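Peer 1: Sequence first, predicted model second:
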Amino acid sequence: MDIFYDFLNTTGFANLSWGNVIMIAIGIVFIHLAITRDYEPLLLLPIGFGMIVGNIPAIPSMALGVYDEGSVLRYIYFGVTSGLFPPLIFLGIGAMTDFSTLLSNPKLVLLGAAAQMGIFLTLIGALYLGFSPSESGAIGIIGGADGPTAIFLSAKLAPHLLGAIAIAAYSYMALVPVIQPPVMKLLTSKRERLIRMPEPRKPSKRERIIFPIAGFLIATLIAPGALTLLGMLFFGNLLKESMVTDRLAESARTSMVDIVTILLGFSVGASTEAQTFLTPDSLLIFGLGALSFAVATASGVLFAKLMNVLTKEKINPLIGAAGVSAVPDSARVVQMVGQQEDAHNFLLMHAMAPNVAGVIGSAVAAGILWSVLVQ
């Protein structure tokens, strides 16, 4: 009986806390949203199951969790805490990204820059709530709606908040179709949403090859801290556009990015142990994240309206919402909202220009914050 009682004391049931139950329930909700609502399933499903795994209580003498020295999960999680996984994902994103619409209408890059306003306003809000400057910078990057960038910067500036920031960033990326449309409709009139834009020019092969080299040089000379992320992004794009490394580009945008996404999502989910995750700071981070995402969307739309005042060639202000880095979901939302007013208005390709510019913009913003706030 003593052996039996000792066994009972080692089971998860004996050590399960209400916090663990709550986090397991949240993980199940994430899986539900991924499967039934198709909300970013490639992200939410691994994260959701990882949350379940991370909240099964373990025996103190056994190294099982991501925070236990010698644990297998800890070795996988090292790719997150070291900042290894985000650049690899950027390599895959670069290999699948087409910058043609941005090259055909370069002024749309300003919309991607304007949407980054959410990052810096959230930073100010976090400072006001008592977070340190480095913590505030890591929290603010959620406004860029770029999960890999948020993970990369929080690993550098505020590793103790990495789990909460990563979950918040990926949660709001998945909720793009829910959060953005109300903001877009509130800030635009029906007449503005009906604006049609001319078909974009098709850039030459030479332009597409020069852009990743020139873009990398300009962006990293402005913000050297973005070198790792943008170096991989533009390298992946060069692999694609050069047309001489098709095998490498195909591997980067398929097998490699899929493997890294699985490992990153699962290990981030497993890091949400209730004992370290369910804190007042985590709730504040989620609130600030929602605010920053709404502000970033509004900033892009309002700047597009300002451009219409200052220029003769009108653009549909809805595409300003795609300035956040959620590629390609924000562009799809722009297309969806635009076609609710006019089923024959095709905004997807135009929205991809600020969308990919937002990826570059959030990485530059992260580089600036890292160089200014690193201690």
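Peer 2: Done, it's in.
Peer 1: and residue 50, what does it touch?
Peer 2: 27, 265-272 (CB atoms under 8 Å, 6 or more residues apart in numbering). Using the backbone N, CA and C atoms, a C-beta is placed for each residue, glycine as well.
Peer 1: would you list those residues in CSV and tack on distance to residue 147 and secondary structure?
Peer 2: Converted to CSV, the contacts of residue 50 look like this (distance: CB to CB, whole Å; DSSP: H, G, I helix; E, B strand; the rest coil):
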residue, distance to residue 147, secondary structure
27, 17, helix
265, 9, helix
266, 14, helix
267, 13, helix
268, 9, helix
269, 12, helix
270, 16, helix
271, 14, coil
272, 15, coil
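Peer 1: Is it possible to get JSON lines of those residues that adds neighbour count?
Peer 2: Formatted as JSON lines, those follow (neighbours: other CB atoms under 10 Å):
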{"residue": "27", "neighbour count": "24"}
{"residue": "265", "neighbour count": "26"}
{"residue": "266", "neighbour count": "22"}
{"residue": "267", "neighbour count": "26"}
{"residue": "268", "neighbour count": "28"}
{"residue": "269", "neighbour count": "30"}
{"residue": "270", "neighbour count": "30"}
{"residue": "271", "neighbour count": "26"}
{"residue": "272", "neighbour count": "25"}
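Peer 1: for those, which one is nearest residue 195?
Peer 2: residue 265 (37.7 Å; CB to CB).
Peer 1: Please state the backbone phi and psi of the residue nearest the centre of the chain?
Peer 2: Geometric centre of the chain, nearest residue: residue 146, 2.0 Å, by CA atoms, centre = their mean. The phi and psi values for residue 146, taken as degrees, to the nearest 10, are phi -130, psi 100.
Peer 1: same question, residue 116
Peer 2: Torsion angles, degrees, to the nearest 10, at residue 116: phi -70, psi 0.
Peer 1: sorry, back to before: could you measure the residue nearest to the centre of the chain against residue 343, distance?
Peer 2: Distance from residue 146 to residue 343, counting by CB to CB, to the nearest Å: 31 Å.
Peer 1: swap in residue 203?
Peer 2: Per CB to CB, residue 203 is found 29 Å from residue 343.
Peer 1: higher neighbour count, those two?
Peer 2: Taking other CB atoms under 10 Å, residue 203 and residue 343 do not tie; residue 203 has more neighbours (18 against 8).
Peer 1: sec struct for the more buried one, please.
Peer 2: coil (DSSP: H, G, I helix; E, B strand; the rest coil).
Peer 1: any idea how far it is from residue 353?
Peer 2: Taken as CB to CB, the span from residue 203 to residue 353 is 12 Å.
Peer 1: what do you get for residue 279?
Peer 2: Taking CB to CB, one finds residue 279 at 40 Å from residue 353.
Peer 1: And the two? Which one has more around it.
Peer 2: residue 353 (28 against 14).
Peer 1: Thought residue 101 was touching the more buried one, still the case?
Peer 2: Yes. Using CB atoms under 8 Å, residue 353 is in contact with residue 101, at 4.2 Å.
Peer 1: Quick check: neighbours shared by those two?
Peer 2: 108, 200.
Peer 1: quick revisit: who's in contact with the residue nearest to the centre of the chain?
Peer 2: Applying CB under 8 Å, 6+ apart, the residues contacting residue 146 are 169, 173, 324-326, 358-359, 362-363.
Peer 1: can you pull the pLDDT of it?
Peer 2: With respect to pLDDT, residue 146 has a value of 79.
Peer 1: same thing with residue 4?
Peer 2: For residue 4, the model assigns a pLDDT of 69.
Peer 1: ok, how many other residues are close to residue 305?
Peer 2: Other residues close to residue 305 by other CB under 10 Å number 15.
Peer 1: how about low-confidence regions in the stretch 251-375 of the chain?
Peer 2: Flagging of the stretch 251-375 of the chain using pLDDT under 70 yields the residue ranges 375.
Peer 1: quick one: the helices in the stretch 151-300 of the chain?
Peer 2: Secondary structure of the stretch 151-300 of the chain (DSSP state H, counting those that start in this stretch): helices at 162-174, 176-187, 190-193, 205-222, 227-241, 246-251, 257-270, 274-277, 280-310.
Peer 1: On the three-state scheme, the residue nearest to residue 256 when sequence neighbours are not counted is what?
Peer 2: In space, and not counting its chain neighbours, residue 256 is closest to residue 92: 5.9 Å by CB to CB, 6 or more residues apart in numbering. Look at residue 92: counting by three-state DSSP, its state is helix.
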